[in-house]
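Student: Compute the structure for the input listed below.
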Amino acid sequence: MAATGEEASAASNAFRALVANIGNQVTCIADLKLNTFSGVFAVVRDDNSGGKSKTGDYMLTMVLMDPSTTSTFNVSMFSKQKGHLPPCVKAGQIIKFSGLKIQSFNSKLQGLSNRQSLWKIFDVSSDSAFLNASDLDSQIARFLHMWYTRAAAIDYSAFNNSNKRNICTISKLKDARECFDLYCQVMQVLQQADGTGNMVILVSDFTKANFQNGVTLHESNCPLLYPVAEDALRVTLWDVGQDTRSLVPPSDIQRGSYLYLRNLFTKDGRDANGDTILEASLHSDRAEKSIGGRWQILDLDHLEVVKLRRRVEDQELQINRSSISGLSAASLTLTPAYIKLSRNIKEILDTTCVPTRFKFEARIVDHLPTQLEDFTRLICEYCGHSYLDNVACSKCGNQDTGRIQYMFSFLLGDDEGSFIPVILTGEDADKFLRFEARDLKTDRDALKRLHSALSVLFTVGREGQPRVSDSKKATFCVQSFQPMAPGSSVQFKLIATELIW
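Tutor: Numbering: from 1, shown residues only. Next comes the predicted model:
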């Protein structure tokens with residue numbers, strides 16, 4: 001639900017007090033004035049990627065918000081050099097601008113960032129020294145992050161701009177001919193992309209639909225991922241066979257994928273009985289390609305994915321067991337219809353396409369953390385941050401008990417002498433080890449079971465011995481992903497190996 005008036009006022013006052021501590025360097029969005037140069041400290045509202053303007057300059061546009069107002073603020077960044085701009089922005093990122101030119105566009109204030117302007121994106125999603133930094137900028141960034149994550153409850157309609165395409169929830173859709181963006185999860189793929197025509201999917205954001213959608217639980221004799229038939233939206237992706245070199249291949253979209261869909265358009269349709277229903281379509285658009293494409297597959301650590309998963313938990317939705325055999329929860333990485341076979345690790349490390357999945361043979365060379373009892377961590381149920389002790393979350397301060405989750409990594413090596421670090425976490429790690437995470441510091445039986453599971457792959461060293469020896473060759477499946485932090489290199493996670501063969 002949306003924040004109350006008192007909560008919004010308290011957040012606004014607290015934010016203004018923090019901003020006041022740094023003098024006139026930053027202005028709240030509510031206080032920006034036309035024809036001035038101002039600093040802005042705000043949260044990115046939705047994902048976007050850079051492109052080129054009509055004049056050939058590199059550009060990136062974004063929608064910003066802060067607690068001082070329910071109005072959003074658009075910023076356009078331009079540069080002659082691509083490296084002077086962020087490659088992209090993602091919902092929930094915190095950004096600070098200095099020297100923004102405040103101008104008017106379509107009777108609304110807009111920020112213009114050029115080469116004289118300075119910007120900084122704060123990484124609030126990683127375990128870094130930033131989380132404990134005491135400088136004012138870090139304090140403001142942490143406050144904005146907490147305000148935004150609490151806004152898993154924020155009603156997006158409160159931040160919508162009139163006469164502009166906005167992020168929407170399914171609960172807000174009522175009529176045909178609405179243009180909007182949507183964060184959602186795929187409940188079912190009704191029609192696969194064939195390279196020349198269209199693709200049809202059923203999606204949900206786990207909000208209550210207020211329209212007739214003609215969807216049944218057993219659509220096409222294949223159950224939905226979750227029992228949300230009444231709250232699903234049928235989406236047709238048109239022109240998927242056109243030039244989509246800048247987009248994620250449609251074949252990567254599968255049941256369980258988390259998506260950010262841009263430029264959707266609602267329309268009237270007919271169900272099997274001839275009754276009027278509401279559905280949506282998404283067409284190829286040249287302008288949209290220049291600013292990031294038509295769809296984007298999101299990683300599990302994306303803040304909007306955290307919101308979706310929290311709604312599932314709040315509604316106590318259970319996955320339809322018959323929809324995907326062997327899955328115990330939606331957070332498991334689903335195996336696609338294709339796997340790229342690789343002869344060696346070097347080919348994998350040379351990849352630039354994200355996400356891509358690889359199947360290959362290797363041996364485990366080392367592991368982190370160095371101690372097996374540190375292979376599990378507490379995950380805050382509120383903000384998703386990981387921490388070691390059971391006192392309070394080191395990020396948001398939440399004192400509720402977090403859930404135990406695997407979080408460790410292997411260094412894999414092949415016969416060609418190449419090495420690749422891979423991350424194991426969540427239910428993918430559960431599936432790999434074949435038992436759920438436990439507190440390994442207090443549960444000695446669980447620690448022995450972990451020791452036994454790893455002994456299938458290598459000899460676990462005792463104190464004073466190598467951590468890994470006599471490693472056996474095995475087949476692994478990994479997926480590449482791009483962390484949210486600007487400038488981060490491509491990383492790899494081990495996915496549910498046992499589901500592939």
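Student: and D439, which of the three is it?
Tutor: Three-state secondary structure (criterion: DSSP: H, G, I helix; E, B strand; the rest coil) places D439 in coil.
Student: can you pull out the helices in the stretch 401-501 of the chain?
Tutor: 426-433, 444-455 (DSSP state H, counting those that start in this stretch).
Student: deepest of the ones you listed, which one?
Tutor: For the helices of the stretch 401-501 of the chain, the stretch with the most neighbours on average is helix 426-433, a mean of 20; neighbours defined as mean count of other C-beta atoms under 10 Å. To be clear about C-beta, it is placed using only N, CA and C from the backbone, and glycine gets the same treatment.
Student: Let me know the average pLDDT across that one.
Tutor: Per-residue pLDDT over helix 426-433 has a mean of 83.
Student: Could you write out the alpha-carbon coordinates of that helix in PDB?
Tutor: Output for helix 426-433, consisting of C-alpha atoms alone and laid out as PDB, is shown next (Å, rounded to 0.1, in the frame of the first residue of the first chain):
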ATOM      1  CA  GLY A 426      20.100 -19.100  -2.700                       C
ATOM      2  CA  GLU A 427      18.100 -22.100  -4.000                       C
ATOM      3  CA  ASP A 428      20.600 -22.700  -6.800                       C
ATOM      4  CA  ALA A 429      23.100 -23.600  -4.100                       C
ATOM      5  CA  ASP A 430      20.400 -25.700  -2.300                       C
ATOM      6  CA  LYS A 431      19.900 -27.700  -5.500                       C
ATOM      7  CA  PHE A 432      23.600 -28.100  -6.100                       C
ATOM      8  CA  LEU A 433      24.300 -29.300  -2.600                       C
END
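Student: So which elements touch that helix?
Tutor: In this structure, helix 426-433 packs against strand 403-413, helix 444-455, strand 491-494, with contacts taken as 3 or more C-beta pairs under 8 Å, 6 or more residues apart in numbering; DSSP states H and E.
Student: The same query, at a cut-off of 10 Å, please.
Tutor: Applying 3 or more C-beta pairs under 10 Å, 6 or more residues apart in numbering; DSSP states H and E, one finds that helix 426-433 makes contact with strand 403-413, strand 419-425, helix 444-455, strand 474-481, strand 491-494.
Student: Look at D366 and report its pLDDT.
Tutor: Taking D366 on its own, its pLDDT is 92.
Student: ditto for the one 4 residues further on
Tutor: Confidence at T370, expressed as pLDDT, is 90.
Student: can you pull the contacts of the closest residue to it other than its chain neighbours?
Tutor: Closest residue to T370 in three dimensions, ignoring its sequence neighbours and counting by C-beta to C-beta, 6 or more residues apart in numbering: R467, at 6.3 Å. Contacts for R467 were tallied using C-beta atoms under 10 Å, 6 or more residues apart in numbering; they are 364-368, 370-372, 458-461.
Student: From L411, how far off is R467?
Tutor: From R467 over to L411 the distance is 10 Å, taken as C-beta to C-beta, to the nearest Å.
Student: Got the phi and psi for E230?
Tutor: phi -70, psi -20 (degrees, to the nearest 10).
Student: And the next helix or strand past the least confident helix or strand in the chain by mean pLDDT?
Tutor: Considering only helices and strands, the least confidently modelled element of the chain by mean pLDDT, DSSP states H and E is helix 286-290, at a mean of 39. Once the chain leaves helix 286-290, the next helix or strand it forms, by DSSP states H and E, is strand 295-297.
Student: Sheet-wise, list the partners of that next one with their directions.
Tutor: Taking DSSP bridges as the criterion, strand 295-297 pairs within the sheet with strand 258-270 (antiparallel).
Student: so how many other residues sit close to S12?
Tutor: Here the neighbour count serves as a burial measure; for S12 (other C-beta atoms under 10 Å) it reads 18.
Student: Quick one: residues contacting it.
Tutor: If you count contacts by C-beta under 10 Å, 6+ apart, then S12 has 28, 30, 66-70, 147 around it.
Student: Just list the residues touching the residue positioned nearest the centre of the chain, thanks.
Tutor: For the chain, the residue whose C-alpha lies nearest the mean C-alpha position (C-alpha atoms, centre = their mean) is H302; its distance is 2.2 Å. Contact partners of H302, counting by C-beta under 10 Å, 6+ apart, are 47, 90-92, 125, 183, 258, 260, 296, 308, 484.
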